[in-house]
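Let me see the structure of the following:
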Amino acid sequence: MKTLARWLLLAAALLLVAHLYSGVSVASFGAALVAALVIGLFNTLVRPLLVLLTLPVTLLTLGLFLFVINALMFWAAASILEGFHVAGFTAALIGSLLYSVCGVVIDAAVERVFSPGAV
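Numbering: from 1, shown residues only. You can find the predicted model right below:
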């Protein structure tokens, strides 16, 4: 139930990002659901490998290169999906930052709602 709630909220967050920033567009809530799933899969499966391969650059930039990796995951998801479009790398960077902020808020809210002591 917790995973389903998080997925639905992240899809809504993707719609919010598209509403707030014109460089990102999402055609429908269904497209947002699929995009949220694909972004999550990329972040789970591909991102750790990219972080490992770019570790020297990440250390050299004091971790700022991780923003580039997040943007690449966001942009890659948009490039393979219909109904989810990102205008370019800069749009992917700004969109991924907004989406990450929403994700942090959603994670905190979901943990609070689904914690064992929640009423």
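
could you say which helix or strand contains the residue nearest to the spatial centre of the chain?
Residue closest to the mean C-alpha point of the chain, counted by CA atoms, centre = their mean, is residue 99 at 5.1 Å. Counting by DSSP states H and E, the element that carries residue 99 is helix 89-113.

what packs against that helix?
In terms of contacts (3 or more CB pairs under 8 Å, 6 or more residues apart in numbering; DSSP states H and E), helix 89-113 is packed against helix 2-20, strand 24-26, helix 65-80. Quick note: C-beta positions are derived from backbone N, CA and C, even for glycine.

would you turn those into JSON lines with mean pLDDT and distance to residue 94?
Written out in JSON lines, the entries for the helices and strands packed on helix 89-113 read as follows (pLDDT from 0 to 100; distance: least, CB to CB, whole Å):
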{"stretch": "helix 2-20", "mean pLDDT": "96", "distance to residue 94": "9"}
{"stretch": "strand 24-26", "mean pLDDT": "97", "distance to residue 94": "8"}
{"stretch": "helix 65-80", "mean pLDDT": "96", "distance to residue 94": "8"}
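
May I see the buried residues of the helix holding residue 99?
The neighbour-count criterion (16 or more other CB atoms under 10 Å) identifies 91-100, 102-103, 106, 110 as the buried residues of helix 89-113.

can you check stretch 66-74 too?
Along stretch 66-74, these residues count as buried under the neighbour rule (16+ other CB under 10 Å): 66, 68-74.
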